[in-house]
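1. okay, structure incoming, though there's no sequence with it:
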(Lines give C-alpha, C1' and ligand atoms only; values in the text may rest on other atoms or scores of the structure.)
Protein backbone atom coordinates (compact mmCIF):
# COMPACT_ATOMS: atom_id res chain seq x y z
CA UNK A 1 0.00 0.00 0.00
CA UNK A 2 1.20 3.53 -0.72
CA UNK A 3 1.26 6.59 1.47
CA UNK A 4 -0.69 8.73 -0.98
CA UNK A 5 -4.34 9.64 -0.33
CA UNK A 6 -7.00 7.88 -2.34
CA UNK A 7 -7.71 10.82 -4.67
CA UNK A 8 -4.09 11.93 -5.17
CA UNK A 9 -2.03 11.02 -8.23
CA UNK A 10 -0.37 7.69 -7.83
CA UNK A 11 -3.04 6.44 -5.42
CA UNK A 12 -4.91 3.19 -5.73
CA UNK A 13 -8.24 4.86 -6.41
CA UNK A 14 -10.54 3.05 -8.84
CA UNK A 15 -11.29 6.46 -10.41
CA UNK A 16 -7.81 6.53 -11.88
CA UNK A 17 -8.16 3.41 -13.94
CA UNK A 18 -7.94 4.69 -17.49
CA UNK A 19 -10.98 3.89 -19.56
CA UNK A 20 -10.22 2.55 -23.00
CA UNK A 21 -10.09 5.39 -25.49
CA UNK A 22 -12.98 5.41 -27.93
CA UNK A 23 -11.77 5.02 -31.44
CA UNK A 24 -13.46 7.35 -33.84
CA UNK A 25 -14.55 6.25 -37.21
CA UNK A 26 -12.39 8.01 -39.82
CA UNK A 27 -14.15 10.78 -41.69
CA UNK A 28 -15.33 9.95 -45.13
CA UNK A 29 -13.15 11.59 -47.73
CA UNK A 30 -15.22 14.02 -49.77
CA UNK A 31 -14.57 14.43 -53.46
CA UNK A 32 -13.77 17.83 -54.86
CA UNK A 33 -16.96 17.71 -56.92
CA UNK A 34 -19.04 17.14 -53.80
CA UNK A 35 -17.34 19.98 -51.97
CA UNK A 36 -17.70 22.48 -54.81
CA UNK A 37 -21.34 21.67 -55.49
CA UNK A 38 -22.20 21.83 -51.79
CA UNK A 39 -20.59 25.25 -51.53
CA UNK A 40 -22.54 26.44 -54.56
CA UNK A 41 -25.89 25.31 -53.14
CA UNK A 42 -25.27 26.94 -49.76
CA UNK A 43 -24.21 30.18 -51.45
CA UNK A 44 -27.35 30.11 -53.58
CA UNK A 45 -29.46 29.55 -50.47
CA UNK A 46 -28.05 32.75 -48.96
CA UNK A 47 -28.77 34.70 -52.13
CA UNK A 48 -32.28 33.27 -52.25
CA UNK A 49 -32.93 34.68 -48.78
CA UNK A 50 -32.40 38.19 -50.17
CA UNK A 51 -34.69 37.38 -53.08
CA UNK A 52 -37.39 36.46 -50.54
CA UNK A 53 -36.90 39.81 -48.81
CA UNK A 54 -37.25 41.58 -52.15
CA UNK A 55 -40.34 39.65 -53.28
CA UNK A 56 -42.09 40.00 -49.91
CA UNK A 57 -41.10 43.64 -49.43
CA UNK A 58 -42.16 44.73 -52.90
CA UNK A 59 -45.40 42.77 -52.49
CA UNK A 60 -44.80 40.88 -55.72
CA UNK A 61 -46.36 37.88 -53.99
CA UNK A 62 -48.33 37.71 -50.75
CA UNK A 63 -45.93 37.74 -47.81
CA UNK A 64 -46.86 34.24 -46.61
CA UNK A 65 -46.43 32.76 -50.07
CA UNK A 66 -43.07 34.49 -50.57
CA UNK A 67 -41.70 33.36 -47.21
CA UNK A 68 -43.22 29.87 -47.32
CA UNK A 69 -42.11 29.05 -50.84
CA UNK A 70 -38.75 30.74 -50.43
CA UNK A 71 -37.89 29.03 -47.16
CA UNK A 72 -38.99 25.69 -48.60
CA UNK A 73 -36.65 26.22 -51.55
CA UNK A 74 -33.82 27.25 -49.22
CA UNK A 75 -34.37 24.13 -47.09
CA UNK A 76 -34.36 21.96 -50.20
CA UNK A 77 -31.08 23.55 -51.33
CA UNK A 78 -29.45 23.00 -47.95
CA UNK A 79 -30.63 19.39 -47.82
CA UNK A 80 -29.43 18.81 -51.37
CA UNK A 81 -26.00 20.16 -50.46
CA UNK A 82 -25.65 17.14 -48.19
CA UNK A 83 -26.49 14.56 -50.84
CA UNK A 84 -24.54 15.76 -53.87
CA UNK A 85 -22.18 12.82 -53.41
CA UNK A 86 -24.88 10.72 -55.10
CA UNK A 87 -25.74 11.02 -58.76
CA UNK A 88 -29.39 11.75 -57.93
CA UNK A 89 -28.23 14.54 -55.61
CA UNK A 90 -26.34 16.18 -58.48
CA UNK A 91 -29.42 15.83 -60.70
CA UNK A 92 -31.56 17.40 -57.97
CA UNK A 93 -29.01 20.22 -57.78
CA UNK A 94 -29.40 20.77 -61.52
CA UNK A 95 -33.18 20.92 -61.10
CA UNK A 96 -32.70 23.51 -58.36
CA UNK A 97 -30.62 25.59 -60.79
CA UNK A 98 -33.66 25.69 -63.06
CA UNK A 99 -35.82 26.70 -60.07
CA UNK A 100 -33.44 29.58 -59.33
CA UNK A 101 -33.67 30.64 -62.98
CA UNK A 102 -37.46 30.64 -62.75
CA UNK A 103 -37.28 33.24 -59.98
CA UNK A 104 -36.49 35.60 -62.83
CA UNK A 105 -40.22 35.57 -63.54
CA UNK A 106 -40.69 37.41 -60.22
CA UNK A 107 -37.59 39.61 -60.15
CA UNK A 108 -36.04 40.41 -63.53
CA UNK A 109 -32.51 40.78 -62.20
CA UNK A 110 -32.59 37.11 -61.15
CA UNK A 111 -32.12 36.13 -64.81
CA UNK A 112 -28.61 37.57 -64.60
CA UNK A 113 -27.94 36.10 -61.16
CA UNK A 114 -29.27 32.71 -62.26
CA UNK A 115 -27.11 32.77 -65.39
CA UNK A 116 -24.04 33.42 -63.23
CA UNK A 117 -24.96 30.63 -60.80
CA UNK A 118 -25.71 28.16 -63.57
CA UNK A 119 -22.39 28.99 -65.22
CA UNK A 120 -20.57 28.46 -61.92
CA UNK A 121 -22.50 25.23 -61.30
CA UNK A 122 -21.46 23.83 -64.67
CA UNK A 123 -17.86 24.93 -64.17
CA UNK A 124 -17.68 23.40 -60.67
CA UNK A 125 -19.25 20.17 -61.90
CA UNK A 126 -16.89 19.89 -64.89
CA UNK A 127 -13.69 20.83 -63.05
CA UNK A 128 -14.57 18.80 -59.97
CA UNK A 129 -15.14 15.63 -62.00
CA UNK A 130 -11.98 16.26 -64.04
CA UNK A 131 -9.79 16.75 -60.98
CA UNK A 132 -11.38 13.83 -59.11
CA UNK A 133 -10.63 11.52 -62.04
CA UNK A 134 -7.04 12.76 -62.21
CA UNK A 135 -6.60 12.24 -58.46
CA UNK A 136 -8.06 8.72 -58.68
CA UNK A 137 -5.65 7.84 -61.49
CA UNK A 138 -2.75 9.23 -59.46
CA UNK A 139 -3.75 7.19 -56.37
CA UNK A 140 -4.05 4.06 -58.53
CA UNK A 141 -0.59 4.71 -59.96
CA UNK A 142 0.84 5.13 -56.46
CA UNK A 143 -0.70 1.79 -55.40
CA UNK A 144 0.86 0.06 -58.41
CA UNK A 145 4.25 1.68 -57.75
CA UNK A 146 4.84 1.57 -53.99
CA UNK A 147 7.67 3.75 -52.81
CA UNK A 148 7.56 5.92 -55.88
CA UNK A 149 6.80 9.59 -55.58
CA UNK A 150 5.92 11.89 -58.42
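-> Sure thing, it's come through. The structure presented is a predicted model; accordingly, all values stated were derived computationally and were not measured.

2. which strands and helices lie in contact with the longest helix along the chain?
-> Counting residues, the longest helix found in the chain (DSSP state H) is helix 110-144. Other elements packing on helix 110-144 under the criterion 3 or more C-beta pairs under 8 Å, 6 or more residues apart in numbering; DSSP states H and E are helix 32-57, helix 87-102. (Glycine included, C-beta is placed from N, CA and C.)

3. buried deepest among those, which one?
-> helix 32-57 (a mean of 18; mean count of other C-beta atoms under 10 Å).

4. so that one versus helix 87-102, what angle?
-> 30 degrees (axes from the mean of the first three to the mean of the last three C-alpha atoms, to 10 degrees).

5. next structured bit after helix 32-57?
-> Toward the C-terminus, helix 32-57 is succeeded by helix 63-81 as the next helix or strand (DSSP states H and E).

6. buried stuff in that following helix?
-> Residues of helix 63-81 classed as buried: 66, 70, 73, 74, 76, 77, 80, 81 (neighbour count, 16 or more other C-beta atoms under 10 Å).

7. the third one contacts residue 48, doesn't it?
-> Yes - A contact is recorded between residue 73 and residue 48 when judged using C-beta atoms under 8 Å, the distance being 6.1 Å.

8. what stretches of this protein score poorly on pLDDT?
-> Scanning the chain for pLDDT under 70 picks out 1-21, 150.

9. so residue 85, which of the three states?
-> coil (DSSP: H, G, I helix; E, B strand; the rest coil).

10. near it, how many other residues are there?
-> The number of residues packed around residue 85, counting by other C-beta atoms under 10 Å, is 15.
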